[in-house]
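> Sharing a model prediction with you, sequence too.
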4 protein chains.
Amino acid sequence: MADVGGIAGAQLRSFIERIERLEEEKAGLAADIREVYAEAKGTGFDAKVMRQIIRLRKMEQADRQELETLLDLYMAALGMADLPPGDSED
Amino acid sequence: MADVGGIAGAQLRSFIERIERLEEEKAGLAADIREVYAEAKGTGFDAKVMRQIIRLRKMEQADRQELETLLDLYMAALGMADLPPGDSED
Amino acid sequence: MADVGGIAGAQLRSFIERIERLEEEKAGLAADIREVYAEAKGTGFDAKVMRQIIRLRKMEQADRQELETLLDLYMAALGMADLPPGDSED
Amino acid sequence: MADVGGIAGAQLRSFIERIERLEEEKAGLAADIREVYAEAKGTGFDAKVMRQIIRLRKMEQADRQELETLLDLYMAALGMADLPPGDSED
DNA sequence: CTGCCATTTTACCGGC
DNA sequence: GCCGGTAAAATGGCAG
């Protein structure tokens, strides 16, 4: 610990408050998201399915990134420069 | 689902994208929070202690909320109004 | 998985069954709890209020725990032992 | 509410304590279950897969019960007595 | 049958 | 780099 009861106390307090503020904003966004789900539900969509879709899209994106990372690795290993995106073929 | 292949597709897409956007912002805030922890750590504070403090503060606040809820419940059970001031209802 | 189709199958089955057994008991207790709530309701108590009280008590207890944890963390950070009494160490 | 501050208080306390006791036991079982998962993990099994299996088995069992319930309904509708299991015909 | 709450499960983050 | 614990998300159950 830095300095119990000294100047560090004020600094710690500052850090804590910054974090709490950010967490509040985060909670606000979570609330917004819930609202959107609710609205979608009101329009006849099933939230559970929607969540699945979003999860899937995220994973596909992650896979894509992983693939690109792997590609970069291979290319680096081969001594080839980074080709512009959109030119990869399978 | 509302209408597979119909106009609902566009609507669903819109909902999904709104959510994804919000989630992105949320992830951004999470990153910010991590940064603050890192900065604090760099100044000599222990993240574990900080998290504990924040958790404790949140719980104290939650306790307060719980107590109020309990009070409201009791008052409702006793047939007392506890309406917010200025809120008239017919 | 350890060994598909080998002896591991029996082992897995054993784990699964142990868990299922425990879950059954757990479900039994949940049923018991529901019964108590029902009985209380029959005596004129409001389950919602009861739940709130129980939640509050649990949180107060949790707060206590958190405070102790925090204290331990501080003491550890300050290099103080906080060993249980009677626990000698060389 | 029954009687704020009267004899009901003792009764309420009793109910609360019974519930808290049961919840404690329930928590104990949850801990046991976690232990089994841990043990299984130590033997090389993946907890996530195990959970999936257990969920599946439960659903199958639920389906079976649903089927039996449905069968009972049909039989009742047909004015037929409860036949011993294994004697169902379509 | 809808909304709320508890529980459970998954994902993340820090420690060893 | 993995593991353990901790926080968030999500699912399921319950009351109204």
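That came in fine, so what should we check first?

> so which strand or helix has A:Leu70?
Per DSSP states H and E, A:Leu70 falls inside helix A:47-77.

> Is any residue of that helix near DNA strand F?
Yes: using CB under 7 Å from any atom of the strand, helix A:47-77 reaches DNA strand F at A:47-48, A:51-52, A:54-55. No exception for glycine: its C-beta is placed from N, CA and C like everyone else's.

> can you list the residues of chain A near DNA strand E?
Counting by CB under 7 Å from any atom of the strand, the residues of chain A close to DNA strand E are A:41, A:55.

> Going by length in residues, pull out the top helix of chain A.
Within chain A, and with DSSP state H defining each element, the longest helix by residue count is helix A:7-42.

> Tell me where chain A is predicted with low confidence.
Residues of chain A that meet the criterion pLDDT under 70 lie in A:1-7, A:74-75, A:79, A:81-90.

> returning to that earlier point: restrict the residues of helix A:47-77 next to DNA strand F to the buried ones and give me that as a ChimeraX selection.
Buried residues within the residues of helix A:47-77 next to DNA strand F, by 16 or more other CB atoms under 10 Å in any protein chain shown, are selected in ChimeraX with:
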select /A:54
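
> quick one: which of the residues of helix A:47-77 next to DNA strand F is nearest to B:Leu70?
B:Leu70 lies nearest to A:Ala47 out of the residues of helix A:47-77 next to DNA strand F, by CB to CB, at 30.8 Å.

> Skipping its backbone neighbours, what lies nearest the closest one in space?
Of all residues beyond its chain neighbours, the one nearest A:Ala47 is A:Tyr37 (4.7 Å), with distances taken as CB to CB, 6 or more residues apart in numbering or on different chains.

> didn't the one you found look like it was pressed against A:Val49?
No: using CB atoms under 8 Å, A:Tyr37 is not in contact with A:Val49, being 11.1 Å away.

> can you pull the contacts of A:Lys58?
The contact partners of A:Lys58, by CB atoms under 8 Å, 6 or more residues apart in numbering or on different chains, come to none.

> any idea how far it lies from C:Ala47?
For A:Lys58, the distance to C:Ala47 equals 39 Å [CB to CB, to the nearest Å].

> rewinding a little: ok, the residue nearest to A:Ala47 - contacts?
Contacts of A:Tyr37 by CB under 8 Å, 6+ apart are A:47, A:50, B:19.

> ok, so of these, who is nearest chain D?
Of all those, the one with the least separation from chain D (CB to the nearest CB) is A:Ala47, at 20.0 Å.

> right, and the closest one touches A:Glu35 too?
No: applying CB under 8 Å, one finds A:Ala47 not in contact with A:Glu35, separated by 11.7 Å.

> what residue is smack in the middle of chain A?
A:Lys58 (9.4 Å; CA atoms, centre = their mean).

> ok, that one to B:Ala27 distance?
In this view, A:Lys58 and B:Ala27 are 10 Å apart by CB to CB.

> three-state assignment of A:Met80?
Secondary structure, DSSP: H, G, I helix; E, B strand; the rest coil: A:Met80 is coil.
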